[in-house]
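Colleague: for reference, the sequence and a predicted model appear below.
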Amino acid sequence: MSHFSQYKDTIQPGDLALAWVSRDNVKPFRIVPGESFNTRYGSFEHNAMIGKPYGSQIAVRTKGSNKFGFIHVLQATPELWTISLPHRTQIVYTPDSSYIIQRLQCTSRSRVIEAGTGSGSFSHAFSRTAGHLFSFEFHEVRYQQAKKEFEDHGLIADGNVTITHRDVCQDGFTIKPTDTTSYYEGSSAHPHVAVTLDADAVFLDLPAPWDAIPHLDEVIMKNAKVILCCFSPCIEQVDKTLEILEKHGWTDVETVEIQGRQYEARRQMVRKLDDALNRLRDVRERKQVGVERRKRMFTKLLNEEDTASEVRPPTEKTQFNPFGKGSRVKEGDTKFQWKEVTKVEAEIKSHTSYLTFASKIGKISRNEEEVLRELQKVRDGKSNN
Ligand SMILES: C[S@@+](CC[C@H](N)C(=O)[O-])C[C@H]1O[C@@H](n2cnc3c(N)ncnc32)[C@H](O)[C@@H]1O
């Protein structure tokens, strides 16, 4: 059973769990009775986690101190996997993958093609939503690593993912029995019959998608709407992709870019001009009192008079401290006035690329020879007139 497709309540032996150590330190680990998860804040025994609800905080006393270190144990989801996975390549982050999945109209009935697999970040998101994912990777080591990871996560044997070692630009997407693929392993699939992909959604995260696009006609669903997305960091790549999409009969072409932003909501103290003016007046008056006292003391010293009577007047707590200056004010303190504000978080993990979407119904492709003949006819007609 895939570790990513079902929610469960409690932490059990064998689960793939994620330790939330801090916001940018999330680590995957397998729950094994008797083992520990080690961090610089302490060593957390798996036995102390087993049976607890997911989301629990697990605390240990830090060695040689009275302090506690703690982690939260979370259930694996594609979103958390994306921020904790071992990077083998650039990856697609959740702001992009969530948008792409809905634009591809991906559902539990979808048959999705993905190339290349890379670090498998997007593959995990697809595997949760799609009916079947056919993922392709031409780098042998990356293929092996991704395959092992998918097996460990239950995405292959009991899941809905097929991974194939293939250069899709050169050899297309048809999976044959002679291929290095997870498809025939331990499955009841006929070992001599090529796989019918019949894909209705395609995601290409490749340096040269224009070389892969011409091969798609052989493997996409006929008489159904097929939606494609190409993920390209450069506008020059988009340009070449658009040209080939048009040539091969893809329509509804649109290029978008995701600009991920995170807004932090908080309260800000309301500062009125009158309050500021009163505070300035108060400061000036106090300063004046101090200056006059020092002047008197100086004169008395010159005249060798006793200065003992010149005691510092007790400082009354200022009335004009509207902004809590000099004291720590808790956000929302009812003694002050507050307004709700939002702040944009400066950085959010989102590998910015251009997303080019297109769709196709049936096997419509442009007959280049016919187009050239028609163009020639128009030119001939003009020159005869
Ligand atoms: C940027 S990574 C993909 C990252 C992936 N989308 C993720 O979220 O983890 C691109 C991958 O495409 C693979 N690749 C490049 N050209 C390919 C081709 N012609 N056929 C198959 N895979 C290819 C590369 O080896 C690389 O692993």
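Modeller: That came through fine.
Colleague: quick one: the strands in the stretch 101-250 of the chain?
Modeller: For the stretch 101-250 of the chain, applying DSSP state E, counting those that start in this stretch gives strands covering 111-115, 132-137, 161-165, 201-204, 225-232.
Colleague: could you dump these to CSV with distance to the ligand and mean neighbour count?
Modeller: C-betas here are computed from N, CA, C, even on glycine. Formatted as CSV, the strands of the stretch 101-250 of the chain follow (distance: least, Cβ to the nearest ligand atom, whole Å; neighbours: other Cβ atoms under 10 Å):
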stretch, distance to the ligand, mean neighbour count
strand 111-115, 5, 25
strand 132-137, 5, 26
strand 161-165, 9, 24
strand 201-204, 8, 27
strand 225-232, 7, 22
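Colleague: what does stretch 82-92 contact?
Modeller: Residues from elsewhere that reach stretch 82-92 (Cβ atoms under 8 Å, 6 or more residues apart in numbering): 18, 26-28, 93-94, 97, 100, 116, 118-122, 124-125, 142, 145-146, 205, 231, 349, 351.
Colleague: 6 Å instead?
Modeller: 18, 26, 28, 94, 118-119, 121-122, 142, 351 (Cβ atoms under 6 Å, 6 or more residues apart in numbering).
Colleague: can you tell me which of these are up against the ligand?
Modeller: 118-119, 121-122, 142 (Cβ under 6 Å from any ligand atom).
Colleague: ok, of these, which come out buried?
Modeller: Buried members of these, scored by 16 or more other Cβ atoms under 10 Å, are 118-119, 121-122, 142.
Colleague: residues touching I50, list them.
Modeller: Neighbouring residues of I50 by Cβ under 6 Å, 6+ apart: I11.
Colleague: all helices for this structure, in order.
Modeller: 78-84, 94-103, 121-129, 140-152, 168-171, 209-212, 235-247, 273-302, 368-384 (DSSP state H).
Colleague: hmm, the first one in reach of the ligand?
Modeller: It stands for helix 78-84. No: Helix 78-84 lies apart from the ligand when judged by Cβ under 6 Å from any ligand atom; the minimum separation is 7.8 Å.
Colleague: neighbours of the residue lying closest to F70 once chain neighbours are set aside, how many?
Modeller: Spatial nearest neighbour of F70, chain neighbours left out: A59 (4.1 Å); criterion: Cβ to Cβ, 6 or more residues apart in numbering. Taking other Cβ atoms under 10 Å as the criterion, the count of residues near A59 is 14.
Colleague: excluding chain neighbours, what is closest to R261?
Modeller: In space, and not counting its chain neighbours, R261 is closest to V344: 5.5 Å by Cβ to Cβ, 6+ apart.
Colleague: need the strands of the stretch 101-250 of the chain in TSV with mean pLDDT, can you?
Modeller: Shown next, in TSV, are these (pLDDT from 0 to 100):
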stretch	mean pLDDT
strand 111-115	98
strand 132-137	97
strand 161-165	96
strand 201-204	98
strand 225-232	97
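Colleague: where does the stretch 1-150 of the chain come near the ligand, residue by residue?
Modeller: Close to the ligand, as judged by Cβ under 6 Å from any ligand atom, the stretch 1-150 of the chain has residues 89-92, 115-116, 118-122, 136-139, 142.
Colleague: so what's I71 bridging to?
Modeller: I71 has these beta-bridge partners by DSSP bridges: I58.
Colleague: that one contacts S22, correct?
Modeller: No: in this structure I71 lies outside contact range of S22 using Cβ atoms under 6 Å: 9.1 Å.
Colleague: more neighbours, the two?
Modeller: Set side by side, I71 and S22 show more neighbours around I71, with 24 against 9, by other Cβ under 10 Å.
Colleague: which ones are touching the more buried one?
Modeller: Contacts here follow Cβ under 6 Å, 6+ apart; on that basis I71 touches 19, 21, 44, 58.
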